[in-house]
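Engineer: This is a predicted model, with the sequence first.
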Amino acid sequence: MAKISKVFALVLVVAVLFGFAANVTSAQGTYIKTFDLKLPLADGPFKGVDPKGTTITWWHQHTGAREKAVAAAAEKFNAENPFGITLNVVSKGSYDDIFNAVTAGLQTGELPEIVVAYGNQAAVYQNNQALVDMEPLFKDATLGIQDFEADMFTNFFASDLNPAHNNQRLGFSTYRSVEVLYYNVDALTAMGYKAAPKTWAEFGEMVCKFVKDGMGTDGYQIRTDASFIAAGAFAAGGNIYDREKGVFTYDSPEAKVLPTEIQKLLNQGCIKKTVDPKARSDQAAFANGAALFYTGSSSGIPFVWDAIKKSPKPFVMDVAPIPGTGGEPVVNVYGASNSLVAKGKTPEQILASWLFLRWFSEAEQQAAWAKGTNYFPVRRSAANALGEVFAAEGTGRPYKSAFDLLVNTKEEPSVDVYQTVRSETSKAFNNILDGANVDEEMTKLNELANKLLEESRTKK
C-alpha cells in the first residue's frame, strides 16, 4: 500500500469533509467501469492513495431476500475487485435502529464506512461534520460518474443534495421506489372501468360504487403516512417544501387536495380508516378483496402479490399514480441513499467505500439488485436486463407500470427536521380524518413545520 504522511492524510480528510473545493474538475467523456480504473492515481485529491488491503463496512437495513441480495453483491465485489478491498455488510436493524447507532457512534467512534440514510438523517450526521460531500467525487474527471446525465435517473439524486448543508451531496442513491395506487384489475373491469382513476373524482366514483354494489366492505383503507400526503401534493401539481425559499408549504392549495378529498369520501362511507397500520390491515383488506385500492411503495409489490395468491379469491393487480390533476402524473419517488462516513476514516477507507458505491451503481449490478429486491435501478440502461422482472407472474405487470412512471418525479425534503415533521404530518391527517377543518389543520401543521425548521437553523 502506498504510504502517505499523517499530515497529508489529515489534510485529505479535511478536504473530503469540505468538498475538495480547489481540486474539482467536471467529469466528462466516456464512463470508465470501476474495475477498469488504474490505481493509485497520479494526481487529484486521492493522488497516491492505494486502497489495497482496506476493509470497509456497510450498515444497511435489509432483511430476508433483500439481505441475501446485499450479501450476493458484497460477495461479487470482494471476489472480483482488483483493488484488494474487502467489504463487510451488516444488517443493523430498522432505519431508526441505524440512526440511533450512528448518533451514538458519533460519540464513541464506532462507525461504519458506509451507512444507509435518508436525507434528513444525513443532515443530522453532517451537523457533526461526519460525512463526505460526494459532489466533488461525482464530478471528478477520473473517479466521477461521467455518464450521470446520460444514463442515470437524475431526479433520484435530488434529495442527496442537502439544502441544510449548502447542497453538499451527502448520499448516493443506489435504488428507489415510488408511491403508487394499487388496484384490483378484475374488480374494476367487472364494474365497467377500463383504467385506474386519474383524478380524485374518478377515485371517489369507483370506491363508492364498489361499496354500494356490495363488491367489498372497505373501498379503501386510508394510509396516513406523510409520504402519502407528499404524493398527493405532487400529484396535484404542488409540493410540501419550497427548496428555493427553504420553507414548508403544507398550507398550499395543492397540499390540501388529498386531505380534503379523503375526508369527504370517509364521511360518505365509501372508504375507511386503516384498522391497524402496524399490522398492515390496509394491505390485507386489498389482498383479500375487501378493498378496491391500496396505496404504498412499489417496493411492496412482491409482498402484496404473495398475499393475493394466498387469499380465497386471487385476482390480477396493477398499479397507477396517486390521483391528481388528470394530466401528466408527477409521482413521489423515495428511498434511503448510502452515505460515506468521513469522521475517523482514512483516505484509503473513503476511496475504497466510494469505489464500492460507484461499482454498485453500474448497470449490471443494478439489474441484479432489481431482480433480487424489486426496487428500481438508478440507471436507465439496467432496464435492458429486466425482461424477466417485467414478465414475472403477478408482479411483472405492476413493476413495469411503476417503472414507466419514472418520467416525472419529485422527492420529499432532506432537511434535518423532516423526521419530526413526518410524525406531525401524520397526526394532522388523523385529526382531519376525525373531523378537523382541513384548512385550519394544514395551516397549523405548516406553521409548526417551519418553526421546527427555523429552530434547527438557529442551533447551527
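Structural biologist: Happy to help now that I have it. Numbering: from 1, shown residues only.

Engineer: Quick check: the gap between residue 300 and residue 319.
Structural biologist: Remark: distance between residue 300 and residue 319 (Cβ to Cβ, to the nearest Å) = 10 Å. All C-beta spots, glycine's among them, are computed from the backbone N, C-alpha and C.

Engineer: more crowded one of those two?
Structural biologist: Using other Cβ atoms under 10 Å as the criterion, residue 300 and residue 319 rank with residue 319 on top: 25 against 19.

Engineer: Over to residue 195: give its phi and psi.
Structural biologist: Residue 195 has phi and psi values of phi -150, psi 160 when expressed as degrees, to the nearest 10.

Engineer: which ones are touching it?
Structural biologist: By Cβ atoms under 8 Å, 6 or more residues apart in numbering, the residues touching residue 195 are 188, 320.

Engineer: Which residue ranges of the stretch 51-200 of the chain form strands?
Structural biologist: Along the stretch 51-200 of the chain, the stretches classed as strands by DSSP state E, counting those that start in this stretch are 55-60, 86-91, 114-117, 161-162, 168-169, 177-184.

Engineer: Tell me the strands beside the fourth one, with direction?
Structural biologist: Right, the one you point to is strand 161-162. Sheet pairing of strand 161-162 (DSSP bridges) gives strand 168-169 (antiparallel).

Engineer: ok, now the third one?
Structural biologist: Listed by DSSP bridges, the sheet partners of strand 114-117 and their directions read strand 55-60 (parallel), strand 337-340 (antiparallel).

Engineer: what does the second one give?
Structural biologist: For strand 86-91, the pairing partners within the sheet under DSSP bridges are strand 55-60 (parallel).

Engineer: The strand it pairs with - what's its average pLDDT?
Structural biologist: Across strand 55-60, pLDDT averages out at 98.

Engineer: With stretch 264-276 instead?
Structural biologist: On average, stretch 264-276 scores 94.

Engineer: and what of stretch 352-367?
Structural biologist: 97.

Engineer: neighbouring contacts of it?
Structural biologist: Residues outside stretch 352-367 that contact it (Cβ under 8 Å, 6+ apart) are 33-35, 37, 51, 54, 56, 58, 73, 76-77, 81, 83, 85, 87, 113-114, 132, 134, 137, 143, 145, 151-152, 172, 174-175, 338, 340-341, 345, 369, 377-379, 381-382, 384-386.

Engineer: And it, end to end?
Structural biologist: Terminal residues of stretch 352-367 are spaced 22 Å apart (Cα to Cα, to the nearest Å).

Engineer: in it, what's buried?
Structural biologist: Using 16 or more other Cβ atoms under 10 Å as the test for burial, stretch 352-367 gives 352-363, 365-367.

Engineer: Next, the buried residues of the longest helix along the chain.
Structural biologist: In the chain, assigned by DSSP state H, the helix with the most residues is helix 438-459. Residues 438, 441, 442, 444, 445, 446, 448, 449, 450, 452, 453, 456 are the ones in helix 438-459 that count as buried (16+ other Cβ under 10 Å).

Engineer: residue contacts, residue 240?
Structural biologist: Residues in contact with residue 240 (Cβ under 8 Å, 6+ apart) are 229, 230, 233, 248, 249, 250, 255, 412, 413.

Engineer: Specify the beta-bridge partners of the residue lying closest to the fifth one once chain neighbours are set aside.
Structural biologist: Leaving aside its chain neighbours, residue 249 sits nearest to residue 242 (5.3 Å; criterion: Cβ to Cβ, 6 or more residues apart in numbering). Applying DSSP bridges to residue 242 gives these bridge partners: residue 247.

Engineer: Near residue 107, how many residues? Count them for me, please.
Structural biologist: A count of neighbours around residue 107, defined by other Cβ under 10 Å, yields 8.

Engineer: still on that earlier bit, out of the buried residues of helix 438-459, who's nearest residue 294?
Structural biologist: Nearest to residue 294 among those is residue 438, at 23.2 Å by Cβ to Cβ.

Engineer: Now for residue 153: which residues touch it?
Structural biologist: By Cβ under 8 Å, 6+ apart, the neighbours of residue 153 are 176, 376, 378, 379, 380, 406, 409.

Engineer: Just flag the most distant two among those residues.
Structural biologist: 379 and 409, at 15.1 Å, using Cβ to Cβ across those.

Engineer: okay, the two: which has more neighbours?
Structural biologist: More neighbours surround residue 379 than the other of residue 379 and residue 409, with 24 against 20 (other Cβ under 10 Å).
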